[in-house]
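Enquirer: Fold the following and give me the result.
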Amino acid sequence: MPGTREESIEFQNHLVVLLIANCVRQGLYMSHSSTDQKVTPESSQAVWQQDLLASLVVFLVALPLCMGIALASGAPVAAGLVTGIVGGLLVGTFAGSPLQVSGPAAGLTVICGEIIRQNGMQAFGLAVLFAGIFQLVAGICRLGQWFRAVSPAVIHGMLSGIGVLILCGQLHVLVDERPRETAMKNIAAIPQSLATGLAMPTWDSPKIRHDRIELLRMSNALGTRQRTLRGNVDRSLNRLKISDVQEDIVEAPAVNPTLVTTALRPFQDEQKAIGAELDAITARAEASAIVKAGGAAAETLTAQLTAARKKLETASTGLEGDAAEAVSHSQKEAAQALEALTAGLKSHDWAGKIGLLAVLVIFVWQFLARGKLKLIPAPLLAIVVATTASQLLQAPILYVDVPGNLFSGLTMPTADTFSESPLKSLLIAGAVLAIVASAETLLCATAVDQMHRGPRTRYDRELSAQGVGNIVCGCLGVLPMTGVIVRSAANVQAGGKTRMSAVLHGLWLLLFSVVLAPVLRLIPTAALAGILVFTGFRLIDFKGFIHLWKENRIEAAIFLITMIVIVVDDLLTGVITGIVLSAVKLLARFSQLDVEVDDVSLATDGPKTVIKLVGAATFLRLPKLASRLEKVPAGADLHVDVSEMDYIDRACMELLQNWSRQHAATGGRLTIDWDLLNNRFQTRKPRPGH
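Expert: This is a model prediction of the structure:
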């Protein structure tokens, strides 16, 4: 793995060249033959044309989702775009589901956001790398089908819980607010954010709005740098067991001050660079129309710049010393000061209107789109409309931050990341990512198979391809991928015929991100949040819950409990709770035995008793079965119907054998299908008459 920044950039450039070369090779190969379906030379061109059209549609669907999911995960926009590129160019080539399209998924945003918050982007790359390795090994070991062996109630409850988390978190982003630390805090703060976003916007002069946009972009980028620096400093101190990232200030054990100074030295230059950038922002603000206009807005901006300057100076001085607790505190205050500066420049009311406009466009388009208009993705249309409106109005809101060089915005793990990161917790995080991503991918593949008549999914190959893709994503320090039903359905509906449509969509993502990055910077983040608000709402499976409630209320309860635990606690706890409840339900069903007794009088044969066994005959139900047998009259003709019995254990088998001998001694007769009974219990077949 690359050890320096220069090596990382060189590795990234080589990887891009290899991916493009792979795309070209795949295209040349598929123009002559196809492993997905047999095509004649005459139809090859038609297939190419259909794949080309489908790839453009999928690209238009994927572009806003890649950016929005990255922002929702707390990752740079570039991390979502690169994942989509790898999902198309690499995984699209080797996937076991030819028409499935892979990329960053909304279902993983909660897990990714938590890992990034706790460990930073570099260590997050290791978690994705581990997830890919787990998936690759599972695919090689042919475990693909096992990832589908999860109760639908748990899966849909999990996705619904994730939908609630996305919806509640992105409602704050929709008004240019930062999401709260927990889901419950997000829910509690929704009324406040909505009130802020629904307020009537203020109309400043075009020049003031223009200057606010520029200052807002600069301060927001600087605040992101300071938060990243704070996280790196806290993690560095935490490795010395001095400062705990989860606490503001903790009591530190005695540590050699030299170790503290050495640990903090690498961050001093970055802190000074942040201070220099703040000076540039201050100079720009003093020349802006905001300050020249005077009034309360100018005074507030000047005061916030002054306060931020003092906090940054304190943070810079702290990094040159050896007082660990003071460093943690000063870093926190510096980040808060820059966040306050950014908040003062935002216009939450304008952001709320732009975000709601995006949601409204998506909602209305669901009903208006007819015929070929359905090929226009609603999220893309929402982005176009919201971006156009924000540019015409010069709305002083947050816009997407995309670096000029796509790969320069990535934070790749290095050799030092392995030695400095908590590998045990990252392995656990990687396992969780692998399980959730694999289940979502393979369930998506099953759904895609039902949409077309082409080749069926090879689950183990699909799982291996996902593993390879996530290994590459982990090395690049970007988001993990899954098969995504929205993009896959768009691919099928647009007429995609082979895997080439998925590969080409990755190529379009790459070209657009590299060549037209300035266009992406025009997109307001509130519009992307609006898309995710709608996506989160769609993930909440209301119809599925109602259907379960009508058919099986226990399954509906598992669905609801899984969703609630995910929202109240966390995703892993919720999924484990759902699986445990499903297992308890299965055990309860497995130990249930119904013994139906029917006395029949026949004129020719005399009295006959019929006992029908339904369910599972285990030792837990032995007393019930024994009591029913004891009520059979001596010398009676007993027929035992085991056609609807699922299982019988040794205890109940021996009970029937012993009772058969005892009943025969009284002159009675037992009629039972011993062959069928032995199929329910693998043991030596009883001798006739026993």
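Enquirer: before we move on, what SS does Glu644 have?
Expert: strand (DSSP: H, G, I helix; E, B strand; the rest coil).
Enquirer: I should have written Val150 there, sorry.
Expert: Classified using three-state DSSP, Val150 is coil.
Enquirer: Do I have it right that it meets Ile579?
Expert: Yes: counting by Cβ atoms under 8 Å, Ile579 is a contact partner of Val150 at 7.1 Å. Heads up, the C-betas are built off the backbone N, CA and C, glycines and all.
Enquirer: OK, contacts around Leu129?
Expert: 413, 430, 470-471, 474-475 (Cβ atoms under 8 Å, 6 or more residues apart in numbering).
Enquirer: Report whether it is found in a helix, as I expect.
Expert: Yes: using three-state DSSP, the assignment for Leu129 is a helix.
Enquirer: State the distance from it to Ala358.
Expert: The spacing between Leu129 and Ala358, counted by Cβ to Cβ, to the nearest Å, is 34 Å.
Enquirer: just the strands in the chain please.
Expert: Remark: strands assigned in the chain by DSSP state E are 102-103, 482-483, 593-602, 606-617, 637-648, 669-672.
Enquirer: For the fourth one, which strands pair with it and how are they oriented?
Expert: Read that as strand 606-617. strand 593-602 (antiparallel), strand 637-648 (parallel) (DSSP bridges).
Enquirer: cool, the second one as well?
Expert: Strands flanking strand 482-483 in the sheet, each with its direction: strand 102-103 (antiparallel) (DSSP bridges).
Enquirer: Need the residues that contact stretch 308-321.
Expert: 226, 233, 261, 264-265, 267-268, 271-272, 274-275, 278-279, 282, 326-327, 330-331, 333-334, 336-338, 340-341.
Enquirer: again, but for stretch 153-161
Expert: Under Cβ under 8 Å, 6+ apart, the answer for stretch 153-161 is 107, 436, 439-440, 443, 539-541, 544-545, 548, 555-556, 558-567, 571, 574-575, 578-579, 582.
Enquirer: cutoff 6 Å now
Expert: 539-541, 544, 555, 558-559, 562-563, 566-567, 574-575, 578-579, 582 (Cβ atoms under 6 Å, 6 or more residues apart in numbering).
Enquirer: domain ranges for the chain?
Expert: The record's domain parsing of the chain by automatic domain parsing lists 8-29+42-196+354-535, 203-346, 591-680.
Enquirer: What is the end-to-end distance of the second one?
Expert: Terminal residues of domain 203-346 are spaced 13 Å apart (Cα to Cα, to the nearest Å).
Enquirer: Mind checking which of the contacts of stretch 153-161 land in helices?
Expert: 539, 544, 555, 558-559, 562-563, 566-567, 574-575, 578-579, 582 (DSSP state H).
Enquirer: Which one (most neighbours) among those?
Expert: Thr562 (30 neighbours; other Cβ atoms under 10 Å).
Enquirer: Now for Arg589, how many residues are close by?
Expert: Arg589: 12 neighbours (other Cβ under 10 Å).
Enquirer: where's the closest residue to Ala298 other than its chain neighbours relative to Thr417, distance?
Expert: The shortest distance from Ala298 to any non-neighbouring residue, by Cβ to Cβ, 6 or more residues apart in numbering, is to Val291 (4.7 Å). Per Cβ to Cβ, Val291 is found 43 Å from Thr417.
Enquirer: Could you do Ile435 as well?
Expert: Counting by Cβ to Cβ, the gap from Ile435 to Thr417 is 23 Å.
Enquirer: likewise Asp649?
Expert: On the measure of Cβ to Cβ, Asp649 and Thr417 end up 52 Å apart.
Enquirer: report the longest helix in this structure, please.
Expert: helix 206-239.
Enquirer: Off-centre distance for that helix?
Expert: Averaging C-alpha positions (Cα atoms, centre = their mean, to the nearest Å) puts helix 206-239 26 Å from its chain's average.
Enquirer: which helices and strands sit right next to it?
Expert: helix 268-286, helix 289-293, helix 324-345 (3 or more Cβ pairs under 6 Å, 6 or more residues apart in numbering; DSSP states H and E).
Enquirer: Just name the most buried of those.
Expert: helix 324-345 (a mean of 22; mean count of other Cβ atoms under 10 Å).
Enquirer: Now do the helices in the stretch 451-600 of the chain.
Expert: Ranges of helices in the stretch 451-600 of the chain, per DSSP state H, counting those that start in this stretch, are 459-476, 485-493, 500-515, 517-520, 525-539, 542-551, 553-568, 571-590.
Enquirer: Now the second one: buried residues?
Expert: Within helix 485-493, the residues scored as buried using 16 or more other Cβ atoms under 10 Å are 485-492.
Enquirer: Most widely separated two among these?
Expert: Spatial extent of the buried residues of helix 485-493 (Cβ to Cβ) is set by the pair Val486 and Val492 at 11.4 Å.
Enquirer: show me the contacts for Gly74.
Expert: 113, 116.
Enquirer: swap that for Asp349, sorry
Expert: Contacts were defined as Cβ under 6 Å, 6+ apart; by that measure Asp349 touches 199, 201.
Enquirer: Just the pLDDT at it, thanks.
Expert: You'll see Asp349 listed with a pLDDT of 90.
Enquirer: do the same with the one 5 residues further on
Expert: Predicted confidence (pLDDT) at Ile354: the value is 94.
Enquirer: To what extent is Ala665 buried, counted in neighbours?
Expert: With other Cβ under 10 Å as criterion, Ala665 counts 9.
Enquirer: all helices of the stretch 1-150 of the chain, in order?
Expert: 5-32, 41-72, 77-86, 92-94, 109-140.
Enquirer: Quick one: these as a markdown table, columns for distance to Glu313 and mean pLDDT too.
Expert: Shown next, in a markdown table, are these (distance: least, Cβ to Cβ, whole Å; pLDDT from 0 to 100):
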| stretch | distance to Glu313 | mean pLDDT |
| --- | --- | --- |
| helix 5-32 | 28 | 49 |
| helix 41-72 | 31 | 83 |
| helix 77-86 | 31 | 93 |
| helix 92-94 | 51 | 90 |
| helix 109-140 | 25 | 92 |
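Enquirer: Out of those helices, which gets nearest to Leu528?
Expert: Using Cβ to Cβ, the nearest of the helices of the stretch 1-150 of the chain to Leu528 is helix 41-72, at 3.9 Å.
Enquirer: just the helices of the stretch 1-150 of the chain: most buried one?
Expert: The most buried one of these (mean count of other Cβ under 10 Å) is helix 77-86, showing a mean of 29.
Enquirer: got a list of contacts for that one?
Expert: 62, 66-67, 69-70, 103-104, 400, 402, 406, 409-410, 469, 472-473, 476, 478-479, 481, 506, 509-510, 513.
Enquirer: now it, how far from the chain's geometric center?
Expert: With Cα atoms, centre = their mean, you get 14 Å for helix 77-86.
Enquirer: The residue most central in space within the chain and Val432, how far apart?
Expert: Compute the mean C-alpha point of the chain, and by Cα atoms, centre = their mean the closest residue is Leu108, 1.1 Å away. Distance of Leu108 to Val432, given as Cβ to Cβ: 10 Å.
Enquirer: swap in Cys444?
Expert: Taken as Cβ to Cβ, the span from Cys444 to Val432 is 18 Å.
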